[in-house]
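# here are the coordinates; sequence isn't available:
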């Protein structure tokens, strides 16, 4: 049974703060993804990684960076949080086409 | 540019009846399609998928139909149950490329 965990379910941060969102998967998957989900927009891809120390920009990478130092862990970093980054953040991992998602982190930036 | 579109933001169905959720895509390179189900405060969970070499895939109460010429797929749930009430996301991917998701359709199944 695939398990993807995210470090926080809810997070409240202030504008300008640096924010770290952690994601860990236990299935030895090569591929990991970060999405944000907003009403009416579905899931939009921020960054993804197909291997350790490898990262690729998704559709909306501006204002975000990522780190993949170990295969099982993929971190999303908001360098300087802004109110328009208030959203639900979803991490996923996959071996092939099917992605498995974590429970999500609801981030509120004040 | 939204390559995967779910034009109905919501759908309400009576328990026991059929639910039909629709999805359209624009990229002819997509060759694998998935449906995910999402409950509030949880991550999406994989429901069913279909490869472009097929036009139908069935799993219990859930059937996905693919019409490649129309670039359209649909998810049929029959019979619908109150526990099916959730947001359903359609997703599509092309070989060696990342996945694109639709905006989601909120299904409400009324007892």
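Cool, the structure landed. Keep in mind it's a predicted model, so treat the numbers as computed, not measured. Numbers count the residues shown, from 1 in each chain, chains lettered A, B, ... in the order given.
# Quick check: chain neighbours aside, which residue is closest to residue B:54?
In space, and not counting its chain neighbours, residue B:54 is closest to residue B:66: 6.7 Å by CB to CB, 6 or more residues apart in numbering or on different chains. Placement of C-beta: from N, CA and C, glycine included.
# what does the helix or strand containing the one you found contact?
Following DSSP states H and E, one finds residue B:66 within strand B:62-67. Outside strand B:62-67, the residues within contact range by CB atoms under 8 Å, 6 or more residues apart in numbering or on different chains are B:33, B:35, B:47-50, B:52, B:54-58, B:72-78.
# Flag every residue of chain B that's near chain A.
Proximity of chain B to chain A, by CB under 8 Å from any CB of the partner chain, involves residues B:4, B:6, B:9, B:32, B:34, B:36, B:41-46, B:49, B:89, B:91, B:93, B:98-104.
# Restrict those residues to the buried ones and give me that as a ChimeraX selection.
Buried subset of these, written as a ChimeraX selection, criterion 16 or more other CB atoms under 10 Å in any protein chain shown:
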select /B:4,6,32,34,36,43,44,46,49,89,91,93,98,99,100,101,102,103,104
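# pLDDT score for residue A:31?
At residue A:31, the pLDDT value in this model is 93.
# Dihedrals phi and psi, it?
Dihedral pair for residue A:31: phi -100, psi 140, per degrees, to the nearest 10.
# partner residues bridging the residue nearest to it when sequence neighbours are not counted?
Nearest non-adjacent residue to residue A:31, counting by CB to CB, 6+ apart: residue A:94, 4.6 Å away. With DSSP bridges applied, residue A:94 shows beta-bridge pairing to residue A:31, residue A:99.
# Tell me the spacing between residue A:94 and residue A:79.
Going from residue A:94 to residue A:79 by CB to CB, to the nearest Å gives 27 Å.
# got it, and residue A:48?
Residue A:48 is 19 Å from residue A:79, where distance means CB to CB.
# More neighbours: which of those two?
Just comparing residue A:48 and residue A:79: by other CB atoms under 10 Å in any protein chain shown the higher neighbour count belongs to residue A:48, 23 against 12.
# which residues touch residue 77?
Picked chain A for this. A:18, A:19, A:20, A:21, A:64, A:65, A:66, A:67.
# To clarify, I was referring to chain B.
So residue B:77 contacts B:18, B:19, B:20, B:21, B:61, B:62, B:84, B:107 (CB under 8 Å, 6+ apart).
# can you rerun that using 7 Å?
The neighbourhood of residue B:77, defined by CB atoms under 7 Å, 6 or more residues apart in numbering or on different chains, consists of B:18, B:19, B:61, B:62, B:84.
# Show me which of those residues are buried.
B:19, B:62, B:84.
# Which single residue in chain A comes nearest to chain B?
Taking CB to the nearest CB, chain B has its nearest neighbour within chain A at residue A:101, 3.4 Å off.
# Identify the residue spatially nearest to that residue, adjacent ones excluded.
residue B:43 is the one closest to residue A:101 (CB to CB, 6+ apart), at 3.4 Å.
# What is the three-state secondary structure of that neighbour?
With DSSP: H, G, I helix; E, B strand; the rest coil as the basis, residue B:43 sits in coil.
# Please enumerate residues in contact with stretch B:40-57?
Here stretch B:40-57 has contacts from A:90, A:97-98, A:100-104, B:31-38, B:59, B:62-66, B:68, B:89, using CB under 7 Å, 6+ apart.
# hang on, the earlier thing: pretty sure the residue nearest to residue A:31 contacts residue A:25?
No - applying CB atoms under 7 Å as the test, residue A:94 and residue A:25 come out as separate, 9.3 Å apart.
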